[in-house]
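Engineer: give me the fold of what follows.
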Amino acid sequence: MQLPNKNKISLIYDSSTLTSQPLQHFFGAEDDYDNYSIEMVRIDQNKQMSDVQKQAARQDYISRLPDNATKTNIMQQANISELMTRTEQMKARGATPEELYNMRRELVGAPAAERLAQVDQEDANFDQRFTQYETQKNRLLSQGDDAAQAQIQINQLEQQLFNDTERKRLDGYAALQRQQAVNNP
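Structural biologist: This next block holds a predicted model:
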């Protein structure tokens, strides 16, 4: 079943029987998101503004939104975007785990910052095991004695180092690492 969109309802809207309140109720959030998206594109495409000015304009627009669920969702999304950007920048500069935690705590709160720190540790652990796996795999393949035996040993190595879920992502992760090596020599 397809629900009517706002334009169709507006065409049949009869001001004598239906006030604008139901329309606002049904489509107000949609309008808010549409207006927000348009404004963000307008700000991003403004070549006369610096990145700092654009960020200030985004924050100003969000601050002027009415206090409702839409504003809360938009603010959370803005925090997530800011979190991702700042995390990437800080990691590129070699930030310590404590510095990352403090920045994250400021943006998303202590519980989320703790979970993200745990994810960082899990990722670092996986990266270390992956590097070990790749080194041993390349050594086994370069020996060139028996390809079938080498593959058996590689499979055993995968079983030792990775769980079922991690083994499923090995090929994709290896391809990603190769692509990053090409892009960042």
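Engineer: next, count neighbours for the nearest residue to Leu141 once chain neighbours are set aside.
Structural biologist: Excluding its sequence neighbours, the residue lying closest to Leu141 (Cβ to Cβ, 6 or more residues apart in numbering) is Ala150, at 5.8 Å. For every residue, glycine as well, the C-beta is placed using N, CA and C. As a burial measure, Ala150 scores 17 neighbours (other Cβ atoms under 10 Å).
Engineer: check contacts around Ala150.
Structural biologist: When contacts are counted by Cβ atoms under 8 Å, 6 or more residues apart in numbering, Ala150 is found next to Leu140, Leu141, Gln143.
Engineer: restricted to buried residues, select the residues you listed in ChimeraX.
Structural biologist: Buried residues among these (16 or more other Cβ atoms under 10 Å), as a ChimeraX selection:
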select :140
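Engineer: would JSON lines of the contacts of Ala150 with distance to Met40, pLDDT and secondary structure be doable?
Structural biologist: Converted to JSON lines, these look like this (distance: Cβ to Cβ, whole Å; pLDDT from 0 to 100; DSSP: H, G, I helix; E, B strand; the rest coil):
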{"residue": "Leu140", "distance to Met40": "51", "pLDDT": "91", "secondary structure": "helix"}
{"residue": "Leu141", "distance to Met40": "49", "pLDDT": "89", "secondary structure": "helix"}
{"residue": "Gln143", "distance to Met40": "56", "pLDDT": "86", "secondary structure": "helix"}
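Engineer: pretty sure Pro97 contacts Asp123?
Structural biologist: No - applying Cβ atoms under 8 Å as the test, Pro97 and Asp123 come out as separate, 11.8 Å apart.
Engineer: sorry, back to before: dump the contacts of Ala150 into a markdown table; add distance to Tyr61 as well.
Structural biologist: Listed next are the contacts of Ala150 as a markdown table, based on distance: Cβ to Cβ, whole Å:
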| residue | distance to Tyr61 |
| --- | --- |
| Leu140 | 57 |
| Leu141 | 55 |
| Gln143 | 62 |
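Engineer: closest to Met49 among the contacts of Ala150?
Structural biologist: Leu141 (52.8 Å; Cβ to Cβ).
Engineer: confidence score at Gln128?
Structural biologist: Looking at Gln128, its pLDDT stands at 96.
Engineer: low-confidence ranges in this protein?
Structural biologist: The model of the chain has pLDDT under 70 over residues 1-29, 185.
Engineer: do that again at 80, thanks
Structural biologist: Using pLDDT under 80 as the threshold, the predicted model of the chain has low-confidence ranges 1-33, 36, 66, 68-79, 144-145, 184-185.
Engineer: the residue nearest to the spatial centre of it and Ala112: what is the separation?
Structural biologist: Residue closest to the mean C-alpha point of the chain, counted by Cα atoms, centre = their mean, is Met84 at 6.4 Å. With the distance defined as Cβ to Cβ, to the nearest Å, Met84 ends up 13 Å from Ala112.
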